[in-house]
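In: I'll drop the sequence and a predicted model, then ask my questions.
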Amino acid sequence: MAVDHPIFTRVYGVVAEVGERTGLGRVRRRVLSSATGRLLIVGLGPGHDLDHLPPAVTSVVALEPSESMRAAARARIRTVIDRGIDIDVMAASAEHIPLPDDSVDTALVAYVLCSVEDPAGALREIHRVLRPGGDLLVLEHVREDDRGWRQHLQRTLEPMWHRCAGGCHLDRDTRRDIAISGFDLGGLSRVRLRTLPPVSWTLIGTARSLQSGT
Ligand SMILES: C[S@@+](CC[C@H](N)C(=O)[O-])C[C@H]1O[C@@H](n2cnc3c(N)ncnc32)[C@H](O)[C@@H]1O
């Protein structure tokens, strides 16, 4: 289970709020626009994704191991309940999801696979609980592909960043982890968002869950 980082929770809450007002809110809305049915949110954080649920989402189950993050999300959770959408927030980690096989229609990973201890293990679990053909919605900062100054910056900052940013890694190859976990990558692309340079190279879009063995 991930450790709670109350100071990071406060700092991230401010950063996420600023991001929301300066363009990231529109990006989140676009990523979430194809969510349907029962939605699994992995790593709820302060809950900004809850502000962008499309009408086709009928219920939400969210995983958030950090107590301070769950507290930070309280007002947004209340708003979802007020909209008449069922929401269940679990103090659980992505590596051990307490849900049956094929029990959700859509899953969302937004700025969380950088922080989980075992991304491939987490994605195997997400694949297990997502119904075959269901979509994994992705919004993740990832390792720079080109070997220029940005990759150098990521490498230089990585040890300090990991300690200060709630266990976040700058150099994850999330596309590869998704590919080896039973998803089709056809709906994913890499784009540069107008966020801080170490976290601007972003994997975004939809990865469809393939049947095991296909
Ligand atoms: C940087 S925040 C992102 C929160 C939110 N998804 C967003 O887009 O703003 C990462 C979140 O993932 C959570 N987290 C860390 N390890 C996790 C794990 N193994 N399983 C589920 N969530 C985890 C952290 O507690 C934190 O709330």
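Out: It's in.
In: got the buried residues for the helix or strand harbouring L40?
Out: Element membership for L40, per DSSP states H and E: strand 37-42. For strand 37-42, a neighbour-count test (16 or more other C-beta atoms under 10 Å) marks 38-42 as buried. All C-beta spots, glycine's among them, are computed from the backbone N, C-alpha and C.
In: Tell me the one of the residues you listed nearest the ligand?
Out: Nearest to the ligand out of the buried residues of strand 37-42 is V42 (C-beta to the nearest ligand atom; 5.5 Å).
In: Near the ligand, list only the ones from the buried residues of strand 37-42.
Out: The residues of the buried residues of strand 37-42 that also fall near the ligand, by C-beta under 6 Å from any ligand atom, are V42.
In: Point out the residues in the protein that sit beside the ligand.
Out: Contact residues, the chain versus the ligand (C-beta under 6 Å from any ligand atom): 2, 12, 16, 42-43, 45, 48-49, 63-66, 69, 93-95, 110-112, 115-117.
In: is the nearest residue to V109 once chain neighbours are set aside in a bridge, and if so with what?
Out: Spatially, and ignoring its direct neighbours in sequence, V109 is nearest to V42 (5.1 Å; C-beta to C-beta, 6 or more residues apart in numbering). On the basis of DSSP bridges, V42 is bridged to L63, V109.
In: Check V42 and give its pLDDT.
Out: Note for V42: predicted pLDDT of 98.
In: I figured it was touching V129, is that so?
Out: No. V42 is beyond contact range of V129, at 10.0 Å (criterion: C-beta atoms under 8 Å).
In: Common neighbours of these two, please.
Out: Counting by C-beta atoms under 8 Å, 6 or more residues apart in numbering, the common neighbours of V42 and V129 are A107.
In: what about the closest residue to the ligand within the chain, neighbour count?
Out: Closest residue of the chain to the ligand, C-beta to the nearest ligand atom: G45 (2.3 Å). For G45, the neighbour count with other C-beta atoms under 10 Å is 24.
In: my read: it touches R70, true?
Out: No. Between G45 and R70 there is no contact under C-beta under 8 Å: 9.4 Å.
In: what about the strands in this structure?
Out: All strands of the chain, identified by DSSP state E, fall at 37-42, 57-63, 86-90, 104-110, 130-141, 183-192, 201-209.
In: In CSV: those strands, plus distance to T22.
Out: Formatted as CSV, the strands of the chain follow (distance: least, C-beta to C-beta, whole Å):
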stretch, distance to T22
strand 37-42, 22
strand 57-63, 25
strand 86-90, 27
strand 104-110, 16
strand 130-141, 15
strand 183-192, 15
strand 201-209, 15
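In: before we move on, back to that, need the overlap of contacts for G45 and R70.
Out: Contact with both G45 and R70 is made by residues E64, according to C-beta under 8 Å, 6+ apart.
In: Type out the ChimeraX command that picks the buried ones from the residues of the chain next to the ligand.
Out: Typed into ChimeraX, the line below selects the buried ones among these, using 16+ other C-beta under 10 Å:
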select :2,12,16,42,43,45,48,49,63,64,65,66,69,93,94,95,110,111,112,115,116
